[in-house]
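Novice: 3D model of this:
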Amino acid sequence: MSRLDKRRVFAGVVIVALVLQAGFAATAWFGRQHVEDRVTLAGVRRADLSLQLEGCEAPQEPVQPGTKPEWRIGDAPDTSGTLQRIQELGDAGRVELTGLKAGKSDTAGRQWFQITGASDPRRLCEFLARIEREDPLVVVESGRLLPGTEQAVVFDLALATYHTLGDDAGGGEAGR
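Specialist: Coordinates of the predicted model:
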């Protein structure tokens, strides 16, 4: 091979490398634009759902004078009763509950529940207010909202109830 042939081969390799690099750069640029558009749309959707949640206030039910709700901490956890009551409240409020599960707690006298589902933001607020009104001994410990469909948000809630029995094992329905 002569010196001229080596230069041509080297120049050809450099040109091919530059064309490949330009192709990868164009692909990355178009991909970045697509991702930025999706992030912008998600931000707009999040802002819209936040506005809907801010405007959500549960209607207050009138309390009849002279009536006082009776609160009593149970002697043992009523796991199935609590799950059934949460499901009834969700059905009444047209909140789609996709997962209801009870778990053991490390804290004596505490029973926790994990609830997942999807709902319109207003209905979700009403559902949480209804839980608070119906049973003040059920506490919403934590919650997480995730994007869902155009009309609904996906939620993941951790609820807890309390009882006087110090050990969940063997007491009530938690041992089943």
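Novice: which residues in the protein form helices?
Specialist: Remark: helices assigned in the chain by DSSP state H are 3-54, 79-92, 121-134.
Novice: Test of understanding: give the bridge partners of Arg144.
Specialist: Asp156 (DSSP bridges).
Novice: check contacts around it.
Specialist: 155-157 (CB atoms under 8 Å, 6 or more residues apart in numbering). The way it works is simple: take the backbone N, C-alpha and C, and place the C-beta from them, glycine included.
Novice: Just the buried subset of those, written out for PyMOL, thanks.
Specialist: In PyMOL, this line selects whichever of the contacts of Arg144 come out buried by 16 or more other CB atoms under 10 Å:
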select buried, resi 155+157
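Novice: now the contacts of Arg144 in TSV, with pLDDT and distance to Arg122?
Specialist: As requested, these are exported to TSV (pLDDT from 0 to 100; distance: CB to CB, whole Å):
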residue	pLDDT	distance to Arg122
Phe155	92	13
Asp156	92	19
Leu157	91	16
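Novice: Just the closest of the contacts of Arg144 to Thr79, please.
Specialist: Leu157 (16.2 Å; CB to CB).
Novice: okay but that closest one is in contact with Leu146, surely?
Specialist: No: counting by CB atoms under 8 Å, Leu157 sits too far from Leu146 to count as a contact (11.9 Å).
Novice: Now do Leu97: how many residues are near it, please.
Specialist: 20 (other CB atoms under 10 Å).
Novice: which residues sit in contact with it?
Specialist: Residues near Leu97 by CB under 8 Å, 6+ apart: 86-87, 90, 115-117.
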